[in-house]
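A.B. asks: 3D model of this:
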Amino acid sequence: MIFFNGEPSQSSELSDAILLGDGVFETLRSYEGRLFALDSHLERLELGLVDLAGTPIPWYRREKIIDGIERVLRRAEFPSGALRISIYSDGNWVLSHKEYLPPTKGLACTVIKGGHERLGYKSSSYSARLRARRYGEQKGFDDVILIQESGEVSELSTSNLIALVNGSWVTPRLEGGALPGVTRKALIDNFGVKEGKLDLTSLLEAESLGAISSLREIQSIKAIDGKDAPSSNRFRELQESFHSWILGNLSL
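C.D. replies: Next up, the predicted model:
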C-alpha cells in the first residue's frame, strides 16, 4: 500500500525531487499496528530536512505526517510491518507499509574499507550504502561492515553494530562514521551500551556481535569474511530483554 501526500495511491506522477532522491526517510517497525520510538524517528527526519534545505521547511507539519501514519496503520492486515516515511525537498511525502518478517538467522558479513560519509540522517539517495551491500551479496555475504581508511569500524550498510568486548557492550562512535541510530541510542540510554573506538581486531576477538536497527532490533553476526563469530548467553539475554522493553514502549 502506498500513501502519496496523505492519500491512498496505486501510482503517482513522480516529481524531480522523488526521481533524484532529494529527500530524507525513516523506517520503523510496526507491532500489531503500533510503533516504537516514533518521536525519535520524526526528530531525526526533521533535522535531516533542515540540513537538506539549509533552512527550516515552512510546509512541513508533523501532525499531518502522524495523521497519515495512523491511517495507513489502520489498514494493515499483518502483525509485523515495516513503515517507511519519505519526505522530499519539494514538499511531497510518501508513506509505505508492508509486512515484515523478523530475521531468524545470523548474518555472514564481509568488510569493506574506505571513506564512508556520515550525514546524521537517512538520505533518500542511499545508493552508496546499497551499492556496498550489493557488492557483499554478489560475493555471497548477507551484508557488509564498513571500515574507515583509518581502520576504525563504522557500521553495517543499513544498520548500526554492537560488540561484546571484554565483557562490555560497545557500539562504534559517531566520529567513526556511525549513524546516530534510534535503536543505538535506546541501547545506550537503557541497556548500558557504551560508545567506543573499534577496529577489525576488536570485532574478530569480540565475544558476540550484533547488527542493530529499528527493523531487525538485534540480529546476530555469525561470521566475518568466513571466520565464525561467537554468540554468547549475554547476547541472547540482551536480545530478549530489548524486545520485551520495546513492546512495553510502543506508541500510537
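A.B. asks: so what's residue 30 closest to, chain neighbours aside?
C.D. replies: residue 81 (4.0 Å; Cβ to Cβ, 6 or more residues apart in numbering). Placement of C-beta: from N, CA and C, glycine included.
A.B. asks: what about the one you found, neighbour count?
C.D. replies: Using other Cβ atoms under 10 Å, residue 81 is surrounded by 22 other residues.
A.B. asks: Same question for it, what's its three-state structure.
C.D. replies: Residue 81 falls in the strand class when you classify it by DSSP: H, G, I helix; E, B strand; the rest coil.
A.B. asks: Wait, it touches residue 29, no?
C.D. replies: Yes: contact between residue 81 and residue 29 holds when scored by Cβ atoms under 8 Å: they sit 7.2 Å apart.
A.B. asks: Spit out the residues that contact the two alike.
C.D. replies: With contacts taken as Cβ atoms under 8 Å, 6 or more residues apart in numbering, the residues that reach both residue 81 and residue 29 are residue 100.
A.B. asks: So what pairs up with residue 82 in the strands?
C.D. replies: residue 29, residue 98 (DSSP bridges).
A.B. asks: correct me, but it touches residue 97?
C.D. replies: Yes: proximity of residue 82 to residue 97 meets the contact threshold set by Cβ under 8 Å, at 7.2 Å.
A.B. asks: just to revisit the earlier point, please report the distance of the residue nearest to residue 30 from residue 175.
C.D. replies: Noted for residue 81: a distance of 34 Å to residue 175, by Cβ to Cβ, to the nearest Å.
A.B. asks: quick one: low-confidence ranges for the stretch 101-250 of the chain?
C.D. replies: For the stretch 101-250 of the chain, the stretches flagged by pLDDT under 70 are 115-126.
A.B. asks: Can you show me the strands along it?
C.D. replies: Using DSSP state E, counting those that start in this stretch, the strands assigned to the stretch 101-250 of the chain run over residues 107-113, 143-147, 153-156, 160-165, 168-172, 194-196, 208-213, 217-224, 227-228, 250-251.
A.B. asks: Spit out the contact partners of the residue lying closest to residue 190 once chain neighbours are set aside.
C.D. replies: Excluding its sequence neighbours, the residue lying closest to residue 190 (Cβ to Cβ, 6+ apart) is residue 245, at 6.7 Å. Contacts for residue 245 (Cβ under 8 Å, 6+ apart) come out as 186, 190, 191.
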